[in-house]
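Peer 1: Okay, here's the prediction I keep looking at, along with the sequence it came from:
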Amino acid sequence: MAQHHRRTHLLAARAEMGRAAVALDWWWRMPVESGFTELWLAKGDLAQAHPQAETFLTAALATVEHTWQALAWEANARVAMAAQAWNRAEECIANALSAIEGFEVPLAAWRVHGTAAELYARAGDLDSAQHPAAEHQRELSRTTILKLANSLAAEEPLRKTFLSAPAVQQIIGADIGLRVKRA
């Protein structure tokens with residue numbers, strides 16, 4: 001039911017953006033396109049997720065925003081991974097890594113490194129826990145997550161929400177997620 005409400009709100013936002021131009025509408029379009037991509041991925045609807053991820057990527061590449069470009073490439077990598085299109089997933093994650101290289105974009109970096117870790121772990125014949133490239137990417141993601149969490153006060157509700165998010169938990173593990181101390 002929550003996905004239905006999310007879809008309804010995203011459709012309403014997209015329709016409103018189409019009716020009336022607003023300042024920075026190119027920027028507001030990014031979370032809408034990202035949200036639709038996440039929705040279709042969560043539903044497992046790759047027939048919808050693939051073109052939606054491409055739309056998100058096209059919109060992101062029309063900007064100079066490295067955060068959105070990286071997130072769009074990363075979303076496309078996850079769609080490709082779900083479709084077991086490994087060459088496409090590798091191409092997308094390489095582009096996502098390139099988009100964050102040399103830039104301070106932690107909101108994208110933790111996700112890009114996390115998805116790269118997952119891709120590299122799946123790509124090798126080695127045990128994923130022992131795959132060096134996967135572990136390196138996982139550590140980069142973990143470090144960025146903890147840096148973001150530590151930028152918030154320990155009592156800040158957003159900190160707990162962030163650290164308990166499933167995507168974050170997958171990377172840092174439930175055992176340490178809520179025990180992170182302020183640096």
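Peer 2: Looks like it arrived, so ask away. Numbers count the residues shown, from 1 in each chain.

Peer 1: For the rest of this, base every contact and every neighbour count on C-alpha atoms.
Peer 2: Fine.

Peer 1: residue ranges for the helices of the chain, please.
Peer 2: Counting by DSSP state H, the chain forms helices over residues 2-19, 25-43, 46-61, 66-82, 86-100, 106-123, 132-150, 157-164, 166-172, 174-177, given from the N-terminal end onward.

Peer 1: Pick the most buried one from the ones you listed.
Peer 2: Scoring the helices of the chain by mean neighbour count under mean count of other CA atoms under 10 Å gives helix 66-82 as the most buried, with a mean of 26.

Peer 1: hang on, the earlier thing: same list, the helices of the chain, but as JSON lines with mean pLDDT please.
Peer 2: Written out in JSON lines, the entries for those read as follows (pLDDT from 0 to 100):
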{"stretch": "helix 2-19", "mean pLDDT": "62"}
{"stretch": "helix 25-43", "mean pLDDT": "89"}
{"stretch": "helix 46-61", "mean pLDDT": "97"}
{"stretch": "helix 66-82", "mean pLDDT": "98"}
{"stretch": "helix 86-100", "mean pLDDT": "97"}
{"stretch": "helix 106-123", "mean pLDDT": "95"}
{"stretch": "helix 132-150", "mean pLDDT": "95"}
{"stretch": "helix 157-164", "mean pLDDT": "96"}
{"stretch": "helix 166-172", "mean pLDDT": "95"}
{"stretch": "helix 174-177", "mean pLDDT": "52"}
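
Peer 1: Now the residue nearest the centre of the chain. Nearest residue, chain neighbours left out?
Peer 2: The residue at the geometric middle of the chain, judged as the C-alpha nearest the mean C-alpha position with CA atoms, centre = their mean, is Arg111 (4.5 Å). In space, not counting the residues next to it along the chain, Arg111 is nearest to Ser141; the distance is 6.8 Å by CA to CA, 6 or more residues apart in numbering.
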